[in-house]
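Sequence first, then the predicted structure:
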Amino acid sequence: MSLMQKRLVRAAVSTVVLALMAGVLPALLAPTAAQARPVDAKRQAVLDYWTPARLKSAKPLNFEFAKGAAVGKKVAGPVQGKAPTASASTITPTAYSTASTGSSWLDGGLALSATGKVFFNIGSLTYVCSGSVVQDADPTRSLVLTAGHCSYDNASQAFVTNWIFIPDYDSNPTTTCANTTYGCWTATALVTHSGFTSQTGFTTQATQYDWSFAVVGAGGKSGTAQLDATVGAFPLAVSGFTGAGVQSFAFGYPQAAPYTGVDLTYCSEALGQDSLNGNLTWAMPSCTMTGGASGGPWMSNFSVDRGGLSSVNSYKYTGSANGMYGPKFNSTTTDTYNAALTATGNTAVGAAAPPVAAVTITGGSSAAVGVALSADTSGTTGPGTITYSFQWQRASTATGTYSNISGATSRNYTPTSSDYLRFLKVRATATNSGGSSTATSAATSAVTATPPTAVVTITGTRAVGFALTASTTGTTGTAPISYTYQWSRGTSATGSFTNISGATKSTYTLATADRGYFIRVTVKATNVAGSSTAVATTTSAIA
């Protein structure tokens, strides 16, 4: 039906609603301190972002499960369509039905004014959902209930951006905040539950926590109006649905066919449970609302134009026009709501606190080449399972700039000759489900090493044609130790010796020229800390 026809219908049935609200409207419309606030720059930046083109191009966000699937598929429907039309003869100004599968809401009142559309970004893409205003006692903020997936993206593990709420979109569907019935409100914080944010996809667990509360400050057409004082609000009724079979109402702005996204639509029927999800979520088996309705309220104890907020439109099943499903509100929903009452930034309620990392190097401050060191993280505190990553570092001075040692990323590290006289630290990063923190150990003293003390003996047959070997067994000092050799010959064991050209290996094969001479080997042992020399001489002349 046309917008004018819907307004005529609402006018015909508004007498009762106005009478019920007469006692509260003066208080709701009274000026508040919040209305005197200056325009917030962050709020204005979000409003400026939502140009008519972006509002019009936003696609409805919906998740659908294939039967038996553990992860739902994101379904982004068409952009906003045109308002439906109908002839005057089809307008029947009667009360709502308790068996609606997806009808236009004609009774106005709080259901119309306090339910609206939610626009936001996931990355560079624009989306639209539905939401409703929740009662709270804080005159400086208002709360909007919507689906978790309309505030947080599981795939990117990030909160959405540029979040705005437009109440009563139905009465004046337009693409500018200034032309809507009440204007727009922007979120200063989005509050979800870790049961939802901990999932990397829209899983069956995510469906059980698919709610969120957006905190909004002053806004509306004046930029200073408080949302709940302007449009009213619904009470949060966590235990409103006492079980399957009770009467339930769901509202939203479905946009995928056959809906257009400009008409407040409702479903009403006896509440069911999703047997395909282990009866862990609620079901409205006959509801035909589509994408765009996500986050719209499910109300218990509904009467005239309002009820208690007891769930939200969450997901559907692939290939089925009928059926809308929503999470079962419980104590964790209350925890999320309570956190939203004081939240000053995006929050995942119930997430574990991140660990506080601490690390020391075993063995105190001493370190030596070839002696293994270990990172001790026993001082780290934090809940849950904590995992660690490590990076060893070195510097030329204790207080100098430390650089990462390539490949030294294990808990244990053995200093090499490259570390001699340098200082070492280890950086440890501790991680649990709540986040990470990093700590760096104190520096060791300069890495030490023991210079070698060379020892050499000659083995082998002392005759021409046989090989002699210089054995360095017994040499001490910090490994690694390198050796150089020089073989020489002399006429006596105690006389002078002449180097044998080219005889610089650990073995030497005796030649004819060596007959009747004594053979000597000189060995030089070297490591990073220094060097030393040793000699050995045959005890008899070569035969």
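The structure has been received and is ready for your questions.

Do you know the pLDDT at L29?
In this prediction, L29 carries a pLDDT score of 38.

Which element, helix or strand, includes F63?
In the assignment (DSSP states H and E), F63 maps to strand 59-65.

Sheet partners, orientation included, of that strand?
Strand pairing for strand 59-65, using DSSP bridges, gives strand 73-76 (antiparallel), strand 125-134 (parallel), strand 315-317 (parallel).

A45 is nearest to which of those strands?
With C-beta to C-beta, the closest approach to A45 among the strands paired with strand 59-65 belongs to strand 125-134: 15.7 Å. In this view, the C-beta of every residue, glycine as well, is placed from N, C-alpha and C.

Dump the closest one to CSV, restricted to CA.
Presented in CSV, the C-alpha positions along strand 125-134 are these (Å, rounded to 0.1, in the frame of the first residue of the first chain):
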residue,chain,number,x,y,z
LEU,A,125,31.0,-2.8,1.8
THR,A,126,27.7,-1.2,3.1
TYR,A,127,25.0,-3.3,4.8
VAL,A,128,21.6,-2.8,6.4
CYS,A,129,19.9,-4.6,9.3
SER,A,130,17.1,-3.8,11.8
GLY,A,131,17.1,-2.9,15.5
SER,A,132,15.0,-1.6,18.4
VAL,A,133,15.5,0.8,21.3
VAL,A,134,16.0,-0.7,24.7
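
wait, what's in contact with K74?
L61, N62, F63, A155, F202 (C-beta atoms under 8 Å, 6 or more residues apart in numbering).

Please tell me how far the second one sits from Y485.
Counting by C-beta to C-beta, to the nearest Å, the gap from N62 to Y485 is 81 Å.

what about the two, which has more around it?
Between N62 and Y485, counted using other C-beta atoms under 10 Å, N62 has the larger neighbour count: 28 against 17.

Skipping adjacent residues, who's closest to the spatially most central residue of the chain in space?
Nearest residue to the geometric centre of the chain (C-alpha atoms, centre = their mean): Q157, 4.0 Å. The shortest distance from Q157 to any residue other than its chain neighbours is 6.7 Å, reached at T200 (C-beta to C-beta, 6 or more residues apart in numbering).

what is W487 paired to in the beta sheet?
V521.

Could you check how far the spatially closest residue to T175 that is not a sequence neighbour is from V128?
Nearest residue to T175, sequence neighbours excluded (C-beta to C-beta, 6+ apart): P52, at 3.8 Å. Going from P52 to V128 by C-beta to C-beta gives 14 Å.

ok, the two, which is more surrounded?
More neighbours surround V128 than the other of P52 and V128, with 28 against 12 (other C-beta under 10 Å).

Got phi/psi on the residue lying closest to the more buried one once chain neighbours are set aside?
Take V128 and drop its neighbours on the chain: the residue closest to it by C-beta to C-beta, 6+ apart is A58, 4.2 Å away. The phi/psi pair for A58 (degrees, to the nearest 10) reads phi -60, psi 130.

How is S294 assigned, secondary-structure-wise?
coil (DSSP: H, G, I helix; E, B strand; the rest coil).

Count the residues that sit near G345.
There are 10 residues near G345, going by other C-beta under 10 Å.

OK, contacts around it?
Contacts of G345 (C-beta under 8 Å, 6+ apart): A189.

Dihedrals phi and psi, it?
Torsion angles, degrees, to the nearest 10, at G345: phi -160, psi 170.

Over to the one 5 residues further on?
Backbone dihedrals for G350, given as degrees, to the nearest 10, come out at phi 90, psi 0.

how close does V456 get to I500?
For V456, the distance to I500 - C-beta to C-beta - is 16 Å.

Neighbour count for those two, which is higher?
Legend: neighbour count by other C-beta under 10 Å for V456 and I500, higher for V456 (22 against 19).

does that one really touch L468, like I thought?
No - in this structure V456 lies outside contact range of L468 using C-beta atoms under 8 Å: 11.5 Å.

Check which helix or strand the residue lying closest to L424 once chain neighbours are set aside maps to.
Nearest residue to L424 in three dimensions, chain neighbours excluded: T444, at 4.6 Å (C-beta to C-beta, 6+ apart). Assigned by DSSP H and E, T444 falls within no helix or strand.

Run a quick neighbour tally on T444.
24.

Ok, T51 next?
The burial count for T51: 12, using other C-beta under 10 Å.

Just the pLDDT at it, thanks.
On the pLDDT scale, T51 gets 95.

Tell me where the stretch 51-200 of the chain has strands.
For the stretch 51-200 of the chain, the strands defined by DSSP state E, counting those that start in this stretch occupy 59-65, 73-76, 103-104, 115-122, 125-134, 142-146, 152-153, 158-159, 161-167, 185-193.

With respect to these, which exhibits the lowest mean confidence?
strand 73-76 - the lowest mean pLDDT of those, at a mean of 86.
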